[in-house]
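K.L.:
A structural model of the following input is requested.
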Amino acid sequence: MGSPGVPPACASGAPCKLVVALHGCLSAQQLLGTSFAEKGNLDTYADTNDLVVLYPQAVSSLWPVNPQGCWDWFGYTGSDYAVKSAPQMTAIVSMVHALGA
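P.N.:
Okay, here's the model as predicted:
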């Protein structure tokens, strides 16, 4: 038996690719937890194409100002939001590394 959310071929050691799926703005409130994965149908595609999908989540907040739960594409986390060392980017890379990718 494989790991939860990992296609059987990938769990058995076959080479698989990783997809990082970022939800859109306003989605965070409705799609937190497993809802985005369950409603997005990416897992079905991943199972048939030997892919592993990572679903990181951005949440809405008053500070920093992000009421719509967007991934930072406009600088609410700081002026370095669009570089590899940005807070969200480093968090996602850490998640990818934790998966062994």
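K.L.:
do a quick rundown of the strands in this structure.
P.N.:
17-20, 51-54 (DSSP state E).
K.L.:
who touches Leu99 in this structure?
P.N.:
18, 52, 54 (Cβ atoms under 8 Å, 6 or more residues apart in numbering). In this view, the C-beta of every residue, glycine as well, is placed from N, C-alpha and C.
K.L.:
quick check, pLDDT for the residue nearest to the last one when sequence neighbours are not counted.
P.N.:
Nearest in space to Leu54, with sequence neighbours left out and distances taken as Cβ to Cβ, 6 or more residues apart in numbering, is Val20 at 4.9 Å. At Val20 the predicted local confidence, pLDDT, stands at 96.
K.L.:
and Val20, how many residues sit next to it?
P.N.:
When neighbours are counted by other Cβ atoms under 10 Å, Val20 registers 14.
K.L.:
try Tyr55
P.N.:
Using other Cβ under 10 Å, Tyr55 has 20 neighbouring residues.
K.L.:
quick check: longest helix of this structure.
P.N.:
The residue-count maximum for a helix in the chain (DSSP state H) belongs to helix 87-98.
K.L.:
report the buried residues of that helix.
P.N.:
Of the residues in helix 87-98, those with enough neighbours to count as buried (16 or more other Cβ atoms under 10 Å) are 88-89, 92.
K.L.:
where does this structure have low pLDDT?
P.N.:
The model of the chain has pLDDT under 70 over residues 1-5, 27-32, 101.
K.L.:
just the helices from it, written as ranges.
P.N.:
Under the criterion DSSP H, helices of the chain are mapped to 8-11, 27-31, 35-40, 42-48, 87-98.
K.L.:
chain center to the fourth one: distance?
P.N.:
Spelled out, it's helix 42-48. Taking Cα atoms, centre = their mean, to the nearest Å, the mean C-alpha location of helix 42-48 is offset from the chain mean by 15 Å.
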